[in-house]
Each structure stands twice: as structure tokens, then as C-alpha cells.
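> Okay, predicted coordinates and the sequence, questions at the end:
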Amino acid sequence: MSPLDVEAATRVAIVPNQPSTLRKWGPALLAIAMVVIVNVSLLGPTGNSIPSLTQRHHAARELRAARTAAVLEMEVDFEEEMRRGRDSVRSLRDVRRSLSSSTFTSGTTDSSSNQSGSNAAVMEYTRRRHRVLGDYTHVDVSGDFTAFGKWSVTVIYFAYWVFLMFPNWFLPIGRPGIALGGGLTMVVWRYVLFVTGQGPVFDAERVIIMEPLFLLFGLMLTTIYLEKMERGGLFDKLRDSLDDPISWKRSGKIMAMSTIGSAAVMNDSVVLIFSGVVVDLCVRHKVANSLPYLLSLATTANIGSGLTMTGNPQNILIVSLAYDDIGWAEFASNMILPVIAATCINTAMMFVYYGSELFPGSSGVVENFGIMFAGKKTPEMLAKENAYYARQAAVKEANAVDHHQVSSQEEKNAGWSIWSKLQIIVVLVFLVFFALGFDVCVVSICAGGILMVMAAYKRQHYDPRPDTTEYDAEGNPLPVKKTYDMDGNEIEPEEEELVTESETTLTEVDYGLLMLFIGQFLLIGSFDDTGIPQAFFTVTMGGCADQMTTVPCVYWFVMIVTILSNVASNVPVVQMLAATFPYATPYDWMQVSFSATIAGNLTMLGSAANMIVAFQAAKVGDRTFTSERHAPFGIPSCLACLYAGTFLLTMVHFSPECSERLGECGNDNANADYDYNDDANQAF
């Protein structure tokens, strides 16, 4: 019996029910209503319940103003500044490293000289950081716009934002074409505004961040060669490790892999590698709706990336631009409880919201619990499981009959070949260099280059040459056709040249994805120049601006960060906050990091990982992951995870609520807000 016959004999017809509008959007509307109720109850309908600033807040404001004034009065070595060029962040890291080392060795020399040297190092660090925030991170040119210039740029930005969010509503151009068209439109329009005196010159080169582009190119190169180098190799083994005949277990494996992988490497890396794997598993099991599995990958990749300071681009930027040092252990210890809570909430909501797809034949949530924890199975699940194993047995039997003569070789190849082992070595070396702090862009491109050389060598010396023999109608080989020159001499056939990597594998790199990000950088950078995101933050925060991470203001603050992260992207929001609040405390940055990361699950444009999943899935023909289908689950999941994690982070955190480098922690009132936060949370 063939595999198709086995599957047809055990298949159970399941007709998916279309959910009603209330069933589809009810959880999202309820989540939004709960957010409004929480913030109104804490802050009052008009913000009249916002607490007044404490003595610590006033003292911190005075310290920050004094430090900024002192930095502006420092003498600047302009020749040294020119020598550094635009490598401001690297010079900032160098002086931070020297500052840490001088502090570490301060106990072995004279205390007075150490104190003066440490103060000088702190001031030099602050001066360089002030230059970074003013030059590299964000240049405030909003005052150079006229009202017409600001609002025209804003209209263009939101028009293309809608086009990117709902590309199927308009012409079939696709997100890469829309983003690139929007970027070019913004460049042309900004030039028109500059010529007519309606706005400043647009520095397009500055707003295009090259590091994500280099990283994506290196990861795509690495992924392609891991997948294409050898059939049954490392990539296929990773795919098989996620496979399972039971739908909810398959989704659970995807979420576990995505969460752990995003924390260890980076969320963009994980979704880029495994988006095609998830779609392939859905095709293999003939899944009618692949959306739960793609959402399992994307949402948990965003959540898991919040655990470590290298999990996503905004965390890397936060650690680089924070005024006080934030170590790996400190970052992870603060985030572990919120990330675990968010993971559990997201998983539970996934199993409930998509229960009919993940638990076929189940009567509801109660039976789902019995299936997960008591090992029960519905008839539909048993039919799928039996069909899966019967299909595997039939395929193995067919291979044994048709290829009996080479079965021993197939068994040999079923293990880890030398090429699979080399792939593992390259991947492990990549992870080691990444963990040691080397530039992930360079490491990923080097890994892809090494795999490319390995694949070319394997194809030239080990892979069998393509068979060019021609056959007749009965299957008999035809003799090779001979060619002759003008004198009747036989022309010897030239040896066929191998097709190069540039003609094959390199053409599979998704350059459209790179164009998508370039276009978005141009759109977002021009929109940020108008100052409207900064004005929105200032107006909406109101009296909470100077106490944004104290209860009850913190619950409103994380909501504003979430909204801005979906409108203007999370990395520009982090840059804006670093420039607006240059002396933010480590605890402040923990709240920013968690909210900006979880915000990626609110809408499709909230995270680059979402765009990568949608693009990679569409590339192989799966277009179910759209904004309209993402939002009904993404909105309630994001808001529930955001507020649960924020509550836990306010209750349990290990980063100080004061800046040690600024001198706030030496104040008698430096830790007064710890008790305030605890009391407010208990009242909440």
C-alpha cells in the first residue's frame, strides 16, 4: 500500500469553522478596554491622580542639569574628534571600558588621586556620550521645519504605514516594493521641502542603519548553505526535531525552540532560519491553517529575545547607550521573571485561541487540559497520528524495495556525514564568537562565506556530475553525438564547466527583504526628524515624564512606548529616549527594554521578526501571515504579557532606580522610591 493510500484510509474530514466577528476580535477589544480601565483607575480620567515629584526626583533633576552644564563647558580636542570620525559608539565603549578598569584598580593606589582620576574619567565618558546622543543617535532638526513641512511628511509616512500594514488592499506590489517606493518618495519630497525652504536637508545616509542589513545578509547566506549543502544534513535534522504528528505538541516545540534560540542568538536570526521550516512542516502535515504555527514562531521569538541584552537590536542599543553599565547577568536576572510570565501567557492564549486547529476534535478548554496533562487523544488526533506513522512506514518499505542494492549506503548516510559535522562546527564557532562579543554582522557573513567555500568544494570534488545522457523511447541510452569541423575531423567535446555559486545559491538571497528594511529606515528616519514622535511622548506622558518608571506612571509609560514602537519602530524609540533622558537609570532601561520588545507582538509592523516571517512564508507560497490575521491574537497577547511582565518587573528587579555614575545613589533619598513602588503595587 502506498503512503497516499494509507493516508486516504485514515483521513478524517475536518471542516474548519469560520469564527464570528465577536469571537475573532472580542479578546482584542477586551484587552484594550482593560488597559484603559487600569490606567484611568491609577492616574485618573484626566491625569489628576498623578503623584507629585518626590525629593529624590528633584535632587536627580538638579544633578542631571549640573552634569550637562559641566560637560558643555569642557574643552574639546577637535583634532581627536576628527580622528575618531563617526565611530562614536566604539569610542564610547572604549572610554567606558577604561573607566571600569580604573574603578576596579582603585584600591591599590592613593585614594585621593584615584578619586580625581575617576571623576575625570566619568566626565570624559559623559562628554563622549553627550556627543554620541547628539550626533550618532538623534539630531533634533524639528525646528527647521515649517508647519506645512512637518504635516506633509507625517501624511506621507502614515500613508505608506497603512500600505505596509495592509499591502493586499492596494495594488499587488508587495511590502519590499511599497517600502522602497515610500523611501524614495520621502527622499524626493524632503528635497522639495529643502529647496522651497519648508524643511532641512535630509541626511538619508545617516538614517539607514547598516548593521541590520549586514546581519540579515550574513544570516540569509548561512541559512541557504545550511539548507542546500546536503540532503539529510543539519538543516533537515533540525526540521525533523520540530516535527510531531500531534498538532499542539508541534506548536509547543516551535515555541520552545523560538524562545530559547532568540535569547541565545537573536530573534531575527531564529525567524529567518526557521520560517521556511515551519511552513514545510505545515505542508508535510497538510495543515489547513498555518497561522497558529507561524504566530507561535514570531510571538515567542519576540518574547524570548527580551531575556538577554543580545536578543534583539533594541537591547543591544540600550546597553550601548545607557549611562550606567548594565552587565549580562544583571540584564538577564531582571528579565527572567517577566519573560517566563509572558511566555506562559502567550502559550496559554495560543492554545485557547487556536484550540480548534491545535486540538482537533476537542470539545473545549477542559478537554484540552486532559489532552495535554492526562495523555488523552481525540479520534481525529489518533487518525492523524496513525496516518503519520503509517506514511513513514510505507515510505521506508518502498525505499527498501526500490533501492535494496543501495540500502546499506542509505543507512550510512542516515547518520552524521562529514559535511553535517563540518556544518555543526561552523555553527558552534559562530555561536562562540557571538557569545564572546564579536561583531555579529562580521561573524554571520564569515560563517556564510565559509559555508559557501565548503559547498563549492563539495560540489566540485564529491558530488556526482550531472548526467547528460540522452535516452530513446524505450529507455535505452543513445550514443553521444559527434561533431566535425570543415575538414571532416572529429571535434573533441569540451569538458563541461561547473555552474558557479554566483549563478546558483547566491541568487537565492532575498534581496527584496533588504530593500524592505532600507525603505523603512528612510520612512522612519524622515518621520523622526519632524519631532512629532517626541512631541507625542511629551504630551501623552504629561506629569509622568519625570517619574516614568514609578508606580502608577510606569503602566502608562510602557503603553506609550508600545504605541510608539509600532508607529515609529522600537529602535528609533530607544534612540529618542536616550537623547531625551540621557541619565536614565538602569531600572528605567529595563522597563524600556521589556516594553519595546513585547511591543513587537502588537501589530505586524511592531517587529522586524514579524516582517521576516511574513516575507519568508510568502516566498514559499504561504500568505496566511497578514496584518488582518495577526492583530486579533497579537493585540490581546501583547497587552496581557506587557502588563503582567511590567508588574513583575516593578515588584522584583535587581537594577538600581538611581544612577551610580551620576551620583544619585549617594543621596540619602536615593532608594526612597523602592518603598513607594512596593506600596503602590500592593494598592494596585
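Yep, that arrived.
> Assign G306 to helix, strand or coil.
Secondary structure for G306, judged by DSSP: H, G, I helix; E, B strand; the rest coil, is coil.
> what are the ranges of the helices in the stretch 51-200 of the chain?
Ranges of helices within the stretch 51-200 of the chain are 55-72, 78-84, 88-104, 111-131, 147-165, 175-195, based on DSSP state H, counting those that start in this stretch.
> lowest-confidence stretch among those helices?
Looking at these, the lowest mean pLDDT belongs to helix 88-104 (a mean of 48).
> Let me see the ranges of the helices in the stretch 301-450 of the chain.
Taking DSSP H, counting those that start in this stretch as the test, the helices found in the stretch 301-450 of the chain are 313-321, 328-353, 355-358, 365-374, 379-402, 407-413, 418-435, 440-461.
> Identify the residue nearest S142 in space, chain neighbours excluded?
Excluding the flanking residues, the one nearest S142 by Cβ to Cβ, 6 or more residues apart in numbering is G531, at 2.7 Å. Yep, even glycine has a C-beta here, placed from its N, CA and C like the rest.
> from memory that neighbour sits against V153, does it?
No. Using Cβ atoms under 8 Å, G531 makes no contact with V153, being 10.5 Å away.
> so what sits against both of those two?
Listed as contacting both G531 and V153 by Cβ atoms under 8 Å, 6 or more residues apart in numbering are F145.
> Have a look at those two and say which one is more surrounded.
Per other Cβ atoms under 10 Å, whichever of G531 and V153 has more neighbours is V153, with 24 against 18.
> Point out where the stretch 401-550 of the chain drops to low pLDDT.
Along the stretch 401-550 of the chain, the parts satisfying pLDDT under 70 run over 401-415, 465-469, 493-498.
> quick one, what contacts E508?
So E508 contacts 224, 228 (Cβ under 8 Å, 6+ apart).
> got it, and D528?
D528 sits next to 138, 207, 568, 572, 576 when contact means Cβ under 8 Å, 6+ apart.
> In the residues you listed, find the pair that's most separated.
V207 and M576 (13.1 Å; Cβ to Cβ).
> Sort out which residues of stretch 361-373 are buried, please.
Neighbour counts over stretch 361-373 (16 or more other Cβ atoms under 10 Å) mark 361-362, 367-368, 371 as buried.
> contacting residues for the residue nearest to S142?
Neighbours of G531 in contact, by Cβ under 8 Å, 6+ apart: 140, 142-143, 145, 150.
> Now tabulate those in JSON lines and tack on distance to V561 and neighbour count.
Formatted as JSON lines, the contacts of G531 follow (distance: Cβ to Cβ, whole Å; neighbours: other Cβ atoms under 10 Å):
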{"residue": "D140", "distance to V561": "20", "neighbour count": "14"}
{"residue": "S142", "distance to V561": "20", "neighbour count": "18"}
{"residue": "G143", "distance to V561": "25", "neighbour count": "7"}
{"residue": "F145", "distance to V561": "24", "neighbour count": "20"}
{"residue": "K150", "distance to V561": "22", "neighbour count": "20"}
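> Would you reformat the residues you listed as a markdown table and include distance to E385?
Formatted as a markdown table, the contacts of G531 follow (distance: Cβ to Cβ, whole Å):
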| residue | distance to E385 |
| --- | --- |
| D140 | 61 |
| S142 | 61 |
| G143 | 66 |
| F145 | 63 |
| K150 | 60 |
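> of those, closest to A159?
K150 (15.1 Å).
> Correct me if wrong: that closest one contacts V141.
No. Between K150 and V141 there is no contact under Cβ under 8 Å: 10.9 Å.
> What are the contacting residues of stretch 36-48?
Here stretch 36-48 makes contact (Cβ under 8 Å, 6+ apart) with 49-50, 542-544, 551-553, 555-556, 559, 643, 684.
> Now the strand or helix carrying I524: buried residues?
Secondary structure assignment for I524, by DSSP states H and E: helix 511-529. Under the neighbour-count criterion of 16+ other Cβ under 10 Å, helix 511-529 has 513-529 buried.
> now the angle from that helix to helix 175-195?
Angle, helix 511-529 to helix 175-195, by axes from the mean of the first three to the mean of the last three Cα atoms, to 10 degrees: 30 degrees.
> Give the burial count for M486, as a bare number.
5.
> Would you quantify the distance from it to E492?
Distance of M486 to E492, computed by Cβ to Cβ, to the nearest Å: 16 Å.
> and D439, backbone torsions?
The phi and psi values for D439, taken as degrees, to the nearest 10, are phi -60, psi 120.
> Count the neighbours of it for me.
Neighbourhood size, D439 [other Cβ under 10 Å]: 14.
> Which residues are in contact with the closest residue to M604 other than its chain neighbours?
Spatially, and ignoring its direct neighbours in sequence, M604 is nearest to S627 (4.2 Å; Cβ to Cβ, 6+ apart). For S627, the contact set (Cβ under 8 Å, 6+ apart) comprises 165-166, 603-605.
> Please repeat the previous calculation with a cut-off of 7 Å.
165-166, 603-604 (Cβ atoms under 7 Å, 6 or more residues apart in numbering).
> before we move on, what about S526?
S526 makes contacts with 153, 157, 186, 190, 202, as judged by Cβ under 7 Å, 6+ apart.
> again, but for Y225
Shown in contact with Y225 (Cβ under 7 Å, 6+ apart): 448, 451-452, 455, 505.
> roughly how far apart are the residue nearest to E380 when sequence neighbours are not counted and L295?
Spatial nearest neighbour of E380, chain neighbours left out: G361 (3.5 Å); criterion: Cβ to Cβ, 6+ apart. Using Cβ to Cβ, G361 is found at 22 Å from L295.
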